[in-house]
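K.L.:
Sequence isn't available, so here's the structure alone:
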Ligand SMILES: Cc1ncc(COP(=O)(O)O)c(C=O)c1O
């Protein structure tokens, strides 16, 4: 048990030479849960369904396009906001998908993944003392990004089984200091999606209180059961106060490339670029050229929802006989399973125990809550080949 607990122990504040303490800006932050669980899975030779990355190949066409662009000499710094050809395709796709006309010169910025998009946005737009409302379980970079930039995160808990937002609670949490609301749809880790009704509530609150909305839509294409992704970009009344964040890592099975983008009004984009230019300056060039060509073909992204829905259904089929209970999952590539009837261990203990003893690594969703809310639920990534999912199913069925 000691081992299990120490796995999740937070790192101590930095120290700097004899007796000279360095004041950590994030003293209670340890190594990300994703790194911890992936490392544990490796050490114990466990199937790794913890970290959210696909284990199948990136399209050969896309890889060839990168080679082609490297050979064509596109190897020096890209323009700070992104390669124009890529931004142009992005704005065309946005217009086609969300019927929002977007000027690629002034409204689209290519970033080092969704993570940098979120950080640059917060760095540019949140000032010391500003409050930012976010919903837990939340992606792990949100809270530290707010605090590193002097803001105050205001966490609102969403709970199983549907993780829906109580908009009255949001209204109650808005104060004169509230600057921004962060939402994420489709949602990691729950797989919940926001409805049109949710977006209308959000719009009403944002307009009334003059709030910015940062909408993390990195799973925009991974949505199931004929649900439609409700992008914030479909709400023109909010045009001057929204920032939408996307990631090519999710859409093209290439999480390691770390390329994403923001879409925001020219005024907001000007500010975001001021931060972006000093955080990364620009994003790797040949990949941007390759993505521009690849994204121009709609068949390269339109089938993604169907592709992952099959994976979700295959995984659920494998665990039909299991005592683990699936929760509803309408998007992202994560399936939540409740083990309430199986064990009284905490989520963290259960995740570590399963990894060591059962050779299957999940993620405890309590780590996505500021207050460690424990609901006896684990997250499993189903962006994996069928053989891996079949083996994972066998393990879950035996427990
Ligand atoms: C909800 C959410 N937002 C943002 C990101 C970061 O995206 P990227 O890998 O492109 O930095 C992730 C990655 O897992 C995510 O799940």
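P.N.:
Yep, it's here. Remember, it's a predicted structure, so these values are computed and weren't measured experimentally.

K.L.:
Quick check: residues of the protein near the ligand?
P.N.:
52, 113-115, 139, 184, 188, 216, 218, 247, 249, 255, 258, 260 (CB under 6 Å from any ligand atom). From N, CA and C alone the C-beta is placed, and that goes for glycine too.

K.L.:
thought residue 366 was touching residue 347?
P.N.:
Yes: the pair residue 366 / residue 347 is scored as a contact, 4.5 Å apart, by CB atoms under 8 Å.

K.L.:
Tally up the residues packed near the closest residue to the ligand within the stretch 251-399 of the chain, please.
P.N.:
Residue of the stretch 251-399 of the chain nearest the ligand, by CB to the nearest ligand atom: residue 260 (4.5 Å). Look at residue 260: counted by other CB atoms under 10 Å, it has 24 neighbours.

K.L.:
Could I get the contacting residues of it?
P.N.:
Counting by CB atoms under 8 Å, 6 or more residues apart in numbering, residue 260 makes contact with 110-117, 218, 245-249.

K.L.:
Counting neighbours, which bits of stretch 26-43 end up buried?
P.N.:
Taking 16 or more other CB atoms under 10 Å as the neighbour-count basis, stretch 26-43 is seen to contain the buried residues 29, 33, 34, 36, 37, 38, 39, 40, 41.

K.L.:
so which of these comes closest to the ligand?
P.N.:
Top of the list for closeness to the ligand, among the buried residues of stretch 26-43 and by CB to the nearest ligand atom, is residue 34 at 8.1 Å.

K.L.:
element containing that closest one?
P.N.:
Element membership for residue 34 (DSSP states H and E) is helix 33-43.

K.L.:
residues in contact with that helix?
P.N.:
7-8, 30, 46-48, 50-52, 140, 351-352, 355-356, 361-364, 367.

K.L.:
List only buried entries from these.
P.N.:
7-8, 46-48, 50-52, 140, 351-352, 355-356, 361-364, 367.

K.L.:
ok, now which ones touch the closest residue to residue 216 other than its chain neighbours?
P.N.:
Excluding the flanking residues, the one nearest residue 216 by CB to CB, 6 or more residues apart in numbering is residue 184, at 4.1 Å. Applying CB under 8 Å, 6+ apart, we find residue 184 in contact with 135, 138, 139, 215, 216, 217.

K.L.:
same question, residue 272
P.N.:
Residues counted as contacts of residue 272 (CB under 8 Å, 6+ apart) are 109, 120, 121, 124, 125, 243, 262, 264.

K.L.:
With residue 118 instead?
P.N.:
When contacts are counted by CB under 8 Å, 6+ apart, residue 118 touches 141, 142, 145, 214, 216, 245.

K.L.:
Can you tell me who the closest residue to residue 212 other than its chain neighbours pairs with across the strands?
P.N.:
For residue 212, ignoring the flanking residues on the chain, the nearest one in space by CB to CB, 6+ apart is residue 180 at 4.2 Å. For residue 180, the beta-bridge assignment (DSSP bridges) gives partners residue 132, residue 212.

K.L.:
Test my guess that residue 180 contacts residue 215.
P.N.:
No: if you go by CB under 8 Å, residue 180 and residue 215 don't touch, sitting 10.7 Å apart.

K.L.:
the more surrounded of these two?
P.N.:
Between residue 180 and residue 215, residue 215 has the larger neighbour count (other CB under 10 Å), namely 25 against 22.

K.L.:
Now do the end-to-end distance for stretch 317-326.
P.N.:
Stretch 317-326 has an end-to-end distance of 11 Å (CA to CA, to the nearest Å).

K.L.:
Need the per-residue pLDDT for the nearest residue to residue 29 once chain neighbours are set aside.
P.N.:
Nearest residue to residue 29, sequence neighbours excluded (CB to CB, 6+ apart): residue 144, at 6.0 Å. Confidence at residue 144, expressed as pLDDT, is 96.

K.L.:
for residue 84, same thing?
P.N.:
With respect to pLDDT, residue 84 has a value of 98.

K.L.:
swap in residue 16?
P.N.:
51.

K.L.:
Which residue ranges of the stretch 51-200 of the chain form helices?
P.N.:
Remark: helices assigned in the stretch 51-200 of the chain by DSSP state H, counting those that start in this stretch are 60-71, 84-98, 104-107, 113-125, 142-148, 167-173, 196-209.

K.L.:
Pull out the buried residues from stretch 53-71.
P.N.:
Going by neighbour count (16+ other CB under 10 Å), the buried part of stretch 53-71 is 53, 54, 62, 65, 66, 69.

K.L.:
Against the ligand, how distant is the closest residue to residue 236 other than its chain neighbours?
P.N.:
Nearest-residue entry for residue 236: residue 100, 7.2 Å, with adjacent residues in sequence omitted and distances by CB to CB, 6+ apart. Using CB to the nearest ligand atom, to the nearest Å, residue 100 is found at 21 Å from the ligand.

K.L.:
What about residue 100, how many residues nearby?
P.N.:
19.

K.L.:
pretty sure it contacts residue 232?
P.N.:
No: contact criterion CB under 8 Å: residue 100 and residue 232 do not qualify, at 9.6 Å.

K.L.:
Understood, closing this out.
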